[in-house]
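1. Predicted model and sequence follow; I will ask about them next.
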Protein chains: 2
Amino acid sequence: MPDCTFCRIVADEPDQHVFADDHTVAFLDTSPLFHGHLLVVTREHVVRLDDLDPDHLRPLFVTVQRGIRTLERELGAPGAFVANNNTVSQSVPHLHVHVVPRRPKDGLKGFFWPRTRYAEGEREGMRDRLRDAWAPAPGA
Amino acid sequence: MPDCTFCRIVADEPDQHVFADDHTVAFLDTSPLFHGHLLVVTREHVVRLDDLDPDHLRPLFVTVQRGIRTLERELGAPGAFVANNNTVSQSVPHLHVHVVPRRPKDGLKGFFWPRTRYAEGEREGMRDRLRDAWAPAPGA
């Protein structure tokens, strides 16, 4: 896609690549949550995770698995956070998965899960709604 | 696994299931970020995303794709956040992927990306380290 920042990194900026294979490219986020924060993108220009052909899910997430292991081993981090924003909070409209090294007390947990609650009966009502509305697989 | 909360939901609590297929179960998080917040789990007990046999990535993330579409369509949300914590911040040691409906100005963005920076040259050094250390695929 012309004017797509991530298509440009994929095609024209191999210097940035930490890893590349036939389906994916991994590179460092320029504004990391923590140093080592990777973005794993598809070579193919799709915008959202649910836009991706299900046949391409495996290679995308194999690269994510390898990114998790690389960060943990190389940086001595005991954990990793994997995240993907679709449309809302998605700064670049090209599918990307964040892989971020995590350590206990690194400051991310406290603000990260400001959990709410369901009132009595609300959870069951939501369950029934979503059951009835469950979407078919993309491309199915 | 005995004593695993999510194995129990998978095997013994079908009332909670929003969706279930041969590989995965989706159900509502009891302490949601926003109402409708789903957890997608593997039927198989593995702890982390990088513990999963790569052959099982496709069915896991097809269910995530369907969850995204279901939440957006049914709840009128324009976006969805997909996240997976491995070890650090992972409350239940059974692989699970959060799928959360998102709306502009829902309050999540501001605290969610407290980005940092790389000093001059640090990003290139990190790129080289991670390139050299890149892990093989799980099971490979």
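-> Everything's here; your move.

2. C-alpha only now, for contacts and for neighbours.
-> Fine.

3. Which part of chain A gets nearest to chain B, residue-wise?
-> A:Ala83 (4.2 Å; Cα to the nearest Cα).

4. which element follows the helix or strand in which that residue is found toward the C-terminus?
-> Using DSSP states H and E, A:Ala83 sits in strand A:79-86. Next helix or strand after strand A:79-86 toward the C-terminus (DSSP H and E): strand A:96-102.

5. how close does the residue lying farthest from the centre of chain A get to B:His17?
-> Largest separation from the mean C-alpha position in chain A: A:Glu120, at 33.3 Å (Cα atoms, centre = their mean). Counting by Cα to Cα, to the nearest Å, the gap from A:Glu120 to B:His17 is 18 Å.

6. Please apply the same query to A:Val47.
-> As judged by Cα to Cα, A:Val47 and B:His17 stand 29 Å apart.

7. hang on, A:Cys7 in a helix?
-> Yes - under DSSP: H, G, I helix; E, B strand; the rest coil, A:Cys7 sits within a helix.

8. and the spatially closest residue to it that is not a sequence neighbour, how many neighbours does it have?
-> Leaving aside its sequence neighbours, A:Cys7 sits nearest to A:Met1 (Cα to Cα, 6 or more residues apart in numbering or on different chains; 6.3 Å). For A:Met1, the neighbour count with other Cα atoms under 10 Å in any protein chain shown is 11.

9. again with A:Lys105
-> Using other Cα under 10 Å: A:Lys105 sits among 10 other residues.

10. For chain A, name the helix or strand with the lowest mean pLDDT.
-> Lowest on mean pLDDT, DSSP states H and E among the helices and strands of chain A sits helix A:108-112, with a mean of 58.

11. picking that back up, need the residues that contact the strand holding A:Ala83.
-> Where contact means Cα atoms under 8 Å, 6 or more residues apart in numbering or on different chains, the residues beyond strand A:79-86 that reach it are A:47-49, A:68, A:71-72, A:95-103, B:79-88.

12. State the mean pLDDT of that strand.
-> Mean pLDDT, strand A:79-86: 95.

13. now that strand, how far from the chain's geometric center?
-> Chain-centre distance of strand A:79-86: 5 Å, with Cα atoms, centre = their mean, to the nearest Å.

14. tell me the angle that strand makes with strand A:96-102.
-> 160 degrees (axes from the mean of the first three to the mean of the last three Cα atoms, to 10 degrees).

15. Same question for strand A:79-86: list its buried residues.
-> Residues A:Gly79, A:Ala80, A:Phe81, A:Val82, A:Ala83, A:Asn84, A:Asn85, A:Asn86 are the ones in strand A:79-86 that count as buried (16 or more other Cα atoms under 10 Å in any protein chain shown).
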